[in-house]
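A.B. asks: Show me how the following folds:
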Amino acid sequence: MSTAAIRDVDVDTFWRDGAFCLRGAADARWVARLQAATDEALAKPGRLALAHSADRKSVSELALWSAWPEFRSFVFDSGVSEIARRFLRTRKLNFFFDHLFVKEPGANAPTQWHQDLPYWPASGTQILSIWVALDPVTLASGGLEYVRGSHQWQKFFRPVVFGDSIPAIERAFESLAGERIPDIDAERARYELLSWDMAPGDALIHHALTIHGASGNSTSATRRRGYSTRWAGDDARWDPRPNVLEMIPGPSLLPMPRTPGDLLDSEAFPVIEAHTH
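C.D. replies: You can find the predicted model right below:
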């Protein structure tokens, strides 16, 4: 993965809109490696795998980098970190965590409209995700939609439960700070929504406060596999708000920062050195 094709205007667009589609971010070799690793992980789900529907057609899993060599290699060896560094406009970069999402054909469960940061024990403006498509993606197969500019609303919306209701998690979320997220689907005409059809290897880069969501994959015949890596820049700080640590339990198996306001620098969230050429 190379930053050579990233233009300054692309980075400007990301910061203005809160989301950007980087075409051809991962080459065919990395796509094939991640596809194979994804299917291995699906065949042997770990304790951090979660089914979002009873039929298990919509699933996700956290912290694959710590268990699967191919995912770890992508994080540290593919050059994806330099894409994150460029879009975050940061000198220091921490790898935060990774997240695999799969919606098989026939998956009905939507991805509810949400922001990412309210789920995570961190604060700061320089936090983003890079979501790499491993299959062709359209809105019909569950492609992500973004509310343009919503990362600039200065709003911190309460997390929501994805897929089937889980009462214990719902109760935990109800205790968190923040107002309920607007019903975007009920008033779609009020918002400017961004979405992109994607080819395998294209990447969605979105800010941690950009509101986004997706439909299920109930009408297409195409799988929708996406692998997301999360990254944090200069101003990111440790912010272990109540009930939030459980949202990323994988990294908690490694030593983490101790005091609110600390840098993320730790075994759980390693500092990534800049690649030199």
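
A.B. asks: biggest helix in this protein by residues?
C.D. replies: Criterion DSSP state H: the longest helix present in the chain is helix 28-43.

A.B. asks: mind listing what's buried in it?
C.D. replies: Buried residues in helix 28-43, defined by neighbour count with 16 or more other Cβ atoms under 10 Å: 30, 31, 33, 34, 35, 37, 38, 41, 42. Backbone N, C-alpha and C define where each C-beta goes, glycine included.

A.B. asks: for stretch 60-76, same thing?
C.D. replies: Applying 16+ other Cβ under 10 Å to stretch 60-76 flags 60, 61, 62, 63, 64, 65, 66, 68, 70, 71, 74, 75 as buried.

A.B. asks: low pLDDT regions in the protein?
C.D. replies: Applying pLDDT under 70 to the chain flags the ranges 1-2, 163-172, 175, 243, 245-253, 276-277.

A.B. asks: separation between residue 57 and residue 256?
C.D. replies: Distance from residue 57 to residue 256, counting by Cβ to Cβ, to the nearest Å: 33 Å.

A.B. asks: contacting residues around residue 264?
C.D. replies: Listed by Cβ atoms under 8 Å, 6 or more residues apart in numbering, the contact partners of residue 264 are 94, 96, 122, 232, 236, 237, 238, 257.

A.B. asks: State the next helix or strand along the chain beyond the longest helix of the chain.
C.D. replies: Note on helix 28-43: by DSSP states H and E, the next helix or strand toward the C-terminus is strand 49-51.

A.B. asks: neighbouring strands for that following strand, and are they parallel or not?
C.D. replies: strand 58-62 (antiparallel) (DSSP bridges).

A.B. asks: Next, the angle helix 28-43 makes with the following helix or strand past the strand it pairs with.
C.D. replies: Downstream of strand 58-62, the first helix or strand assigned by DSSP H and E is helix 69-77. Counting by axes from the mean of the first three to the mean of the last three Cα atoms, to 10 degrees, helix 69-77 lies at 140 degrees to helix 28-43.

A.B. asks: C-alpha coordinates for helix 69-77, CSV please?
C.D. replies: Output in CSV follows, covering the C-alpha atoms of helix 69-77 (Å, rounded to 0.1, in the frame of the first residue of the first chain):
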residue,chain,number,x,y,z
PRO,A,69,-0.3,-13.6,11.5
GLU,A,70,-1.8,-12.4,8.2
PHE,A,71,-3.8,-9.7,9.9
ARG,A,72,-0.8,-8.7,12.0
SER,A,73,1.3,-8.5,8.9
PHE,A,74,-1.2,-6.3,7.2
VAL,A,75,-1.2,-3.9,10.2
PHE,A,76,2.5,-3.6,10.5
ASP,A,77,4.0,-4.5,7.1
